[in-house]
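>>> Take a look and give me a structure for this.
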Amino acid sequence: GKEKTEAEESAKKAKRTLNRFNGMSVEEVMARKLPDVITHNLDMLIIGINPGLLSAYKGRHYPNPGNHFWKCLYLSGLTEEQLNHMHDQTLPERYGIGFTNMVERTTPGSKDLSNKEIREGGHQLLEKLQKYRPLIAVFNGKCIYETFCKEIFGVKAKNLEFGLQPYKVPETETVCYLMPSSSPRCAQFPRAQDKVHFFIKLKELRDQMKGVVRTQEIQETNYTFDLTVAKEDAKRLAIKEEQHDPGYEETCAHGSQQHPQQAFGNMNNFVSEK
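The predicted structure is shown next:
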């Protein structure tokens, strides 16, 4: 009866997971670490919360086809061509972009981390930022920055806005920049085209800090996330969304059911109405 059906379903799910990771169990994948891609003198260091199963399995940053990171990087002009996770090691030299995580332990979802781990991760991240001193510390998601704020600045972040933040990393000139999570499970901005505006502002901030463009002194408000402008950008970019990767929920145990995960189609679907 019912128990048999549940057992069969469980066995099927386990088999799909084994197929997904080439015969490795979830426990074996969780034992893997995802190396940082980090050097001195980076323009920006992208900070995630911790490695997911697919990242740890592949040993690459943002490999899930449903994640919007690489699409937005290209559409904003931060990279000159459409790259993917296989290029992550080349980004420091080519584009001055590096990768790290707040917590190094691999889990099926970020909800599997304890508060203690995340708080300790904030202090480890601080040490990294003070050692490597990137121009901009880019926090990929609100919850990471909220914890960092509380632990490092002793400030409980209220009404956080996306964009340039008021505090520099202690003992450095590194500025903090908050972006909506590039995960398609980001409830507020479930599609990639909703996030491109943020990446464009990040590029402008970097260019201004490096003196590539000469305009008035950096105004904080110029680099906050303006939802109206974001929607206009999304409409102008007219990006066609496609259905998510079928195995996505299995590797992201806490995928939200209310917001269908959407992946991009190929770049031929990107139409600009210039």
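>>> Val37: how many residues sit nearby?
19 (other Cβ atoms under 10 Å). Any C-beta I mention is one placed from the backbone N, CA and C, and that applies to glycine too.
>>> Now do it against Asn22, distance only.
Val37 is 23 Å from Asn22, where distance means Cβ to Cβ, to the nearest Å.
>>> what's the answer for Gln130, then?
38 Å.
>>> what do you get for Lys150?
40 Å.
>>> out of these two, which sits in the more crowded spot?
Lys150 (14 against 8).
>>> quick one: the strands in this protein?
44-48, 97-101, 136-140, 163-168, 175-179, 241-243, 262-264 (DSSP state E).
>>> name the helices or strands packed onto the fourth one?
Applying 3 or more Cβ pairs under 8 Å, 6 or more residues apart in numbering; DSSP states H and E, one finds that strand 163-168 makes contact with strand 175-179, helix 196-209.
>>> quick one, that strand and strand 175-179 angle?
Angle, strand 163-168 to strand 175-179, by axes from the mean of the first three to the mean of the last three Cα atoms, to 10 degrees: 150 degrees.
>>> in strand 163-168, what counts as buried?
163-165 (16 or more other Cβ atoms under 10 Å).
>>> from the chain's centre, how far out does it sit?
How far strand 163-168 lies from its chain's middle: 18 Å, per Cα atoms, centre = their mean, to the nearest Å.
>>> quick one: average confidence on that strand?
Regarding strand 163-168, the rounded mean pLDDT is 94.
>>> Check the second one too.
Mean pLDDT, taken over the full extent of strand 97-101, equals 99.
>>> pull the CA atoms of it into PDB?
Output in PDB follows, covering the C-alpha atoms of strand 97-101 (Å, rounded to 0.1, in the frame of the first residue of the first chain):
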ATOM      1  CA  ILE A  97      36.500  38.900 -10.500                       C
ATOM      2  CA  GLY A  98      37.000  36.200  -7.800                       C
ATOM      3  CA  PHE A  99      34.800  33.900  -5.900                       C
ATOM      4  CA  THR A 100      34.400  32.800  -2.300                       C
ATOM      5  CA  ASN A 101      31.800  31.600   0.200                       C
END
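>>> Any regions of the stretch 101-250 of the chain where pLDDT drops low?
For the stretch 101-250 of the chain, residues meeting the criterion pLDDT under 70 lie at 186-187, 190, 213-250.
>>> State the distance from the residue lying closest to Asn64 once chain neighbours are set aside to Pro108.
Sequence neighbours aside, Leu54 is the residue nearest to Asn64 in space, at 5.3 Å (criterion: Cβ to Cβ, 6 or more residues apart in numbering). Plainly put, Leu54 is 10 Å away from Pro108 if you go by Cβ to Cβ.
>>> So which of the two has more stuff around it?
Leu54 (25 against 17).
>>> That one and Gly121, how far apart?
Using Cβ to Cβ, Leu54 is found at 20 Å from Gly121.
>>> for Asn67, same thing?
Distance from Asn67 to Gly121, by Cβ to Cβ: 20 Å.
>>> Please say which of the two ends up with more neighbours.
Of the pair Asn67 and Gly121, Asn67 is the one with more neighbours under other Cβ under 10 Å, namely 29 against 23.
>>> That one and Arg185 touch, don't they?
No. Assessed by Cβ atoms under 8 Å, Asn67 is found out of contact with Arg185, at 9.5 Å.
>>> Now for the closest residue to Leu83 other than its chain neighbours: which residues touch it?
Spatial nearest neighbour of Leu83, excluding adjacent residues (Cβ to Cβ, 6+ apart): Trp70 at 5.8 Å. Trp70 sits next to 62, 82-85 when contact means Cβ atoms under 8 Å, 6 or more residues apart in numbering.
>>> For the residues you listed, which entry has the maximal number of neighbours?
Tyr62 (22 neighbours).
>>> Next up, the contacts around that residue.
Contacts of Tyr62 by Cβ under 8 Å, 6+ apart are 48, 55, 69-70, 85, 88, 182.
>>> mind running it again at 10 Å?
46, 48, 52, 54-55, 68-70, 73, 84-85, 88, 99, 140, 182-183 (Cβ atoms under 10 Å, 6 or more residues apart in numbering).
>>> What degree of burial does the closest residue to Ala31 other than its chain neighbours show, as a neighbour count?
In space, and not counting its chain neighbours, Ala31 is closest to Thr106: 7.6 Å by Cβ to Cβ, 6+ apart. Using other Cβ under 10 Å, Thr106 has 22 neighbouring residues.
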